[in-house]
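Visitor: please work out how this folds:
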Amino acid sequence: MNRNLIFIVLTMVLIAGCNSHKTGPESKSISICTDGCKAGNKASVIACTLTSPELQKRKQTVIASLKAQVLEKKELKHGYAFKFAGNDKTIDELTEFIKTERECCSFFTFNLSISGDKSEVWLALTGADGTKAFISSEMAM
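Guide: Purely as a prediction, here's the structure:
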């Protein structure tokens, strides 16, 4: 099965599960996700642990490519959101970027919002206090 199709189906399942809830006497709790489901992050140390030269080179090339594709940047309380074109190639690059960053910067929380009409993709990079400064200085984004 195509990787993109798997990603889309998984996203739809997560969204459906996020918006579902039980009501009635058999239900012990109601869990409705009203403003989007977001992953949490327990890492509080803002530091990159990148050591492998191969990973460093890959990170540099991926970040350079993505920086050139940013259409818009918005400041968030604990990070930034970046707008990209909504094509499949960009989505693939963004998911590769996320996978690489998770290896060395576990303090990041990634939020990838993809429009169904292929018009845009937003990547929000957030984290604990200090994440915004790290993005500006270390990643120059």
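
Visitor: which parts of this structure are strands?
Guide: 72-76, 79-84, 109-114, 121-126 (DSSP state E).

Visitor: lowest-pLDDT helix or strand in the protein?
Guide: In the chain, no helix or strand scores lower on mean pLDDT, DSSP states H and E than helix 3-19, which sits at a mean of 46.

Visitor: read off the pLDDT value for I32.
Guide: For I32, the pLDDT comes out at 45.

Visitor: so which of the strands of the chain gets nearest T100?
Guide: Closest to T100 of the strands of the chain, according to Cβ to Cβ: strand 109-114, at 11.3 Å. Every residue, glycine included, has its C-beta placed from N, CA and C.

Visitor: and the angle from that closest one to strand 72-76?
Guide: 140 degrees (axes from the mean of the first three to the mean of the last three Cα atoms, to 10 degrees).

Visitor: beta-bridge partners for the residue nearest the centre of the chain, please?
Guide: Centroid check for the chain by Cα atoms, centre = their mean gives F110 as the closest residue, at 2.6 Å. On the basis of DSSP bridges, F110 is bridged to L125.

Visitor: model confidence for it, exactly?
Guide: For F110, pLDDT reads 95.

Visitor: which segments of the chain make up each domain?
Guide: 1-36, 38-137 (automatic domain parsing).

Visitor: still on that earlier bit, mind checking the strands of the chain for the one nearest to T95?
Guide: strand 109-114 (7.4 Å).

Visitor: so where do the helices sit in this protein?
Guide: Along the chain, counting by DSSP state H, helices occupy 3-19, 53-69, 88-104, 131-137.

Visitor: tell me which residues of the shortest one are tucked away?
Guide: Buried residues in helix 131-137, defined by neighbour count with 16 or more other Cβ atoms under 10 Å: T131, K132, F134, I135.

Visitor: and the contacts of it?
Guide: Residues outside helix 131-137 that contact it (Cβ atoms under 8 Å, 6 or more residues apart in numbering) are 46, 48, 75-76, 78-80, 105, 107-108, 125, 127, 141.
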